[in-house]
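**Student:** Build me a model:
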Amino acid sequence: MSVAILRQGAYLIASVQSDLSDTEVMWLRQELAERIGKYRSRGIVIDVATLDVIDSFVARALSAIVLTAKLRGAETVIVGIHPDVAIAMVQFRLNLQPLRVVLDLDEATALLDRLTRRDQKDGG
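**Tutor:** Here you go, the predicted model:
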């Protein structure tokens with residue numbers, strides 16, 4: 001599989017190792033949804049640093065993963081988008097809602113800490 005999924009405390013970290021096929025993207029969404037319940041994960045970090053291109057299919061797939069995770073009670077943050085990939089995504093006018101994107105793992109875990117702390121205060 002082209003994605004390694006690790007658990008770090010209350011978070012899952014999915015590191016994309018190479019370009020994903022349609023089947024692998026669907027597997028990733030299913031696997032993350034199952035692991036959220038299994039480990040009671042409060043957040044997911046998806047590292048896409050190895051991707052040279054994020055096309056409309058991958059952008060939609062990431063959005064679907066974010067929404068699926070949210071319905072399972074977890075927040076999601078994307079990390080590792082290279083500058084040239086970001087520029088291309090903007091030029092192609094890809095819909096990036098509801099993606100949250102930060103530069104690296106440290107920023108991702110800090111953001112998840114804030115988001116999940118807020119959810120706990122709100123009772124959600």
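**Student:** before we move on, which element is the most centrally placed residue in the chain in?
**Tutor:** In the chain, the centroid-proximal residue (C-alpha atoms, centre = their mean) is residue 46; its distance is 3.6 Å. Per DSSP states H and E: residue 46 is located in strand 43-47.
**Student:** can you give me the strands for this protein?
**Tutor:** Using DSSP state E, the strands of the chain run over 3-8, 11-16, 43-47, 75-79, 101-102.
**Student:** Compare those and give me the one nearest residue 86.
**Tutor:** Proximity to residue 86, assessed across those by C-beta to C-beta, is greatest for strand 101-102 (8.4 Å). Yep, even glycine has a C-beta here, placed from its N, CA and C like the rest.
**Student:** Setting the sequence-adjacent residues aside, check what's closest to residue 78.
**Tutor:** Setting aside the residues directly before and after it, residue 78 is nearest to residue 101 in space (C-beta to C-beta, 6 or more residues apart in numbering), at 4.7 Å.
**Student:** wait, doesn't the one you found sit right on residue 77?
**Tutor:** Yes - the criterion here is C-beta atoms under 8 Å, and residue 101 meets it with residue 77 at 7.2 Å.
**Student:** Out of those two, name the residue with the larger neighbour count.
**Tutor:** residue 77 (23 against 18; other C-beta atoms under 10 Å).
**Student:** I'd like to know how far the closest residue to the more buried one other than its chain neighbours sits from residue 56.
**Tutor:** Distances taken as C-beta to C-beta, 6+ apart put residue 108 closest to residue 77, at 4.3 Å, once the chain neighbours are dropped. Counting by C-beta to C-beta, to the nearest Å, the gap from residue 108 to residue 56 is 24 Å.
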